[in-house]
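# Give me coordinates for this.
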Amino acid sequence: MWTSILKEEIDKVQIKLDDYKKTWLKTGCTIMVDGWTDGKSRNLNNFLVNNLLGVVFFKSYDINGVKKTVDNLVKLTMEMIKKVVTDNAANYKAASMKLKEIDGFQHFFFGYLV
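Residues are numbered from 1 along each chain as shown. Prediction:
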């Protein structure tokens with residue numbers, strides 16, 4: 001019984017998420033990345049997407065063991081970008097500027113949280 005209730009709820013969430021995704025193409029969206037370290041000193045990056053309908057958790061990356069170089073941040077962010085809002089760290093700013101040099105990313109807006 002609990003399995004069927006859970007399945008129904010998952011289906012409802014997926015339908016709502018699909019509706020959100022359709023609006024991303026029409027109205028645009030902001031992709032936010034939150035880099036943090038958990039209690040076991042693992043580095044994680046969470047990607048969230050925001051638009052007029054609200055904020056949705058999109059994906060989490062375990063970047064433990066990955067250096068936070070500009071090139072590595074560019075590779076990670078390229079998968080997610082429409083608009084990027086990140087923390088104010090210099091390496092994230094540099095990564096966003098490098099992304100703007102890549103074909104197809106020149107007109108993207110990059111904002112920073114302070």
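# now stretch 19-31: how far from the chain's centre is it?
Taking C-alpha atoms, centre = their mean, to the nearest Å, one finds stretch 19-31 lying 13 Å from the centre of the chain it belongs to.
# who touches the residue nearest the centre of the chain in this structure?
Centroid-nearest residue in the chain, with C-alpha atoms, centre = their mean: residue 47, separated by 2.6 Å. Counting by C-beta atoms under 8 Å, 6 or more residues apart in numbering, residue 47 touches 31, 32, 33, 57, 58, 59, 60, 61, 80. Heads up, the C-betas are built off the backbone N, CA and C, glycines and all.
# what number of residues lie near residue 36?
If you count neighbours by other C-beta atoms under 10 Å, residue 36 ends up with 10.
# That one touches residue 42, doesn't it?
No - between residue 36 and residue 42 there is no contact under C-beta atoms under 8 Å: 9.4 Å.
# avg pLDDT for stretch 26-39?
Confidence over stretch 26-39 (mean pLDDT, whole number) is 82.
# can you check stretch 93-111 too?
In this model, stretch 93-111 has a mean pLDDT of 73.
# Buried residues, it. List them.
95, 96, 99, 105, 110 (16 or more other C-beta atoms under 10 Å).
# Now do the longest helix seen in the chain: which elements does it pack against?
In the chain, taking DSSP state H as the definition, the longest helix is helix 2-27. Using 3 or more C-beta pairs under 8 Å, 6 or more residues apart in numbering; DSSP states H and E, the elements in contact with helix 2-27 are strand 43-51, strand 54-62.
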